[in-house]
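Novice: Prediction below, plus the sequence it came from.
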Amino acid sequence: MLFKFPTASQAREDEVTPRELFLSRRSLIAGGAAAMALGGLPVWSGNALAGPFQAATTIKPADPKFDPTTPMKSATTYNNFYEFGTGKSDPAENAGTLKTRPWEIAIGGEVGKPMTIGIEDLLKFPMEERVYRLRCVEGWSMVIPWVGFPLAELLKRVEPTGNAKYVAFQTLNDPKQMPGLRSWVLDWPYTEGLRLDEAMHPLTMLAVGMYGEVLPNQNGAPIRLVVPWKYGFKSIKSIVKISLVKDQPATAWNKSQPREYGFYSNVNPDVDHPRWSQATERRVGDFSRRKTLPFNGYGEEVASLYAGMDLKANY
Ligand code: MTE
């Protein structure tokens with residue numbers, strides 16, 4: 001990855017965020033301890049097509065006092081989406097060319113019921129708001145209220161066979177809409193992957209919105225992955241294809257720099273990137289740095305997925 005810390009773009013929030021879909025944030029019931037417990041994941045019963053999302057409740061980070069939500073303007077103007085350029089302000093400036101309708105995801109491979117599903121049907125899944133930390137491998141982080149649903153809900157519908165061990169994801173690959181594809185910075189299309197149990201984990205979500213709004217193009221519209229315990233690059237944007245596969249799939253960053261970006265990419269303050277430490281991070285908007293937490297603070301929920309694995313070898 002290219003590493004720069006440019007000043008935040010001055011773009012106005014209402015210039016970068018379409019408001020055709022609106023979530024009444026007042027309808028959120030502030031999540032209490034019960035909402036954080038994985039056992040009782042809260043659910044929205046909203047229908048995006050019908051208008052406002054109706055939030056039943058929300059999941060918050062463990063201690064909101066120390067984890068204020070990142071201003072929406074920062075989260076929508078300081079982005080990584082190399083299909084629209086490598087600068088942090090490039091996606092907000094250039095992603096207007098991305099056409100998010102019509103949009104389909106083709107799901108196949110080791111499944112009993114392969115299918116192609118349109119965005120309108122994806123928006124009918126029961127929606128949840130989840131306030132997750134996103135920790136970029138570059139050393140910055142944000143706290144973002146996503147709107148979406150567990151990836152597992154979609155994967156269950158295609159009935160993975162016993163051969164399905166991994167899930168491979170692919171981003172749209174259209175140079176007419178994505179000017180960054182003309183540069184050789186990555187081996188396009190952008191691809192990512194998870195082990196099947198990681199993909200089925202209740203924390204892993206497909207997001208279609210953030211801050212109660214439709215996902216802005218620069219954040220991966222119309223649908224992107226969010227895997228909160230892994231470095232941000234695992235959270236692939238603008239997904240058009242999902243394949244359930246037997247073998248560990250190739251991923252864009254691992255192909256580009258295998259020594260620097262492993263398949264697992266769990267947030268791990270004890271495993272430095274070859275060119276810099278991962279022990280601390282700077283929350284976007286803060287001046288000082290804070291300690292990075294193992295699994296980005298989600299260890300209680302996900303550490304068991306890696307029991308017995310050497311997480312230094314499997315970085
Ligand atoms: N997905 C695609 N298709 N292309 C990208 O360049 N960048 C990744 C990830 N998903 C990227 C992508 C990286 S490096 C990060 S840190 C996150 O998106 C950033 O998500 P955000 O811009 O919504 O904060």
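Specialist: Noted; the coordinates are in hand.
Novice: just how off-centre is stretch 278-287 within its chain?
Specialist: Between the mean C-alpha location of stretch 278-287 and the chain-wide mean there is a distance of 19 Å, by CA atoms, centre = their mean, to the nearest Å.
Novice: so how far is the first residue of it from its last?
Specialist: Terminal residues of stretch 278-287 are spaced 17 Å apart (CA to CA, to the nearest Å).
Novice: Could I get the full set of strands for the stretch 1-150 of the chain?
Specialist: Along the stretch 1-150 of the chain, the segments classed as strands by DSSP state E, counting those that start in this stretch run 58-59, 104-109, 115-118, 128-135, 140-150.
Novice: got these as TSV, with mean pLDDT columns?
Specialist: Putting those into TSV (pLDDT from 0 to 100) gives the following:
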stretch	mean pLDDT
strand 58-59	58
strand 104-109	98
strand 115-118	98
strand 128-135	92
strand 140-150	95
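Novice: of all those strands, which lies closest to residue 292?
Specialist: Between residue 292 and those, the shortest separation by CB to CB is 6.7 Å, and it involves strand 128-135. Quick note: C-beta positions are derived from backbone N, CA and C, even for glycine.
Novice: got the angle for the closest one vs strand 140-150?
Specialist: With axes from the mean of the first three to the mean of the last three CA atoms, to 10 degrees applied, the angle from strand 128-135 to strand 140-150 works out at 150 degrees.
Novice: Partner strands of strand 128-135 and their direction?
Specialist: Its sheet considered, strand 128-135 pairs with strand 58-59 (parallel), strand 140-150 (antiparallel) by DSSP bridges.
Novice: Compare these and give me the one nearest the ligand.
Specialist: Proximity to the ligand, assessed across these by CB to the nearest ligand atom, is greatest for strand 140-150 (6.2 Å).
Novice: so how far is that closest one from its chain's centroid?
Specialist: Remark: strand 140-150 is offset 7 Å from the chain centroid, using CA atoms, centre = their mean.
Novice: go on, stretch 193-207?
Specialist: Distance, stretch centre to chain centre, for stretch 193-207: 10 Å (CA atoms, centre = their mean).
Novice: List the contacts of residue 274.
Specialist: For residue 274, the set of contacting residues under the criterion of CB atoms under 8 Å, 6 or more residues apart in numbering consists of 259-260.
Novice: got a pLDDT number for it?
Specialist: Residue 274 is assigned 95 on the pLDDT scale.
Novice: any idea how far it lies from the ligand?
Specialist: Residue 274 sits at a distance of 17 Å from the ligand (criterion: CB to the nearest ligand atom, to the nearest Å).
Novice: same check, this time on residue 255
Specialist: Remark: distance between residue 255 and the ligand (CB to the nearest ligand atom) = 14 Å.
Novice: burial count for that residue?
Specialist: Residue 255 has 12 neighbouring residues, counting by other CB atoms under 10 Å.
Novice: Please enumerate the strands of the stretch 201-315 of the chain.
Specialist: 205-210, 213-214, 224-226, 239-245, 280-283, 290-291.
Novice: Please look at residue 210 and residue 74 and confirm they touch.
Specialist: No - under the contact definition of CB atoms under 8 Å, residue 210 does not touch residue 74, with a separation of 11.9 Å.
Novice: Now for the closest residue to residue 288 other than its chain neighbours: which residues touch it?
Specialist: The shortest distance from residue 288 to any non-neighbouring residue, by CB to CB, 6 or more residues apart in numbering, is to residue 282 (7.5 Å). For residue 282, the contact set (CB under 8 Å, 6+ apart) comprises 139-141, 288-290.
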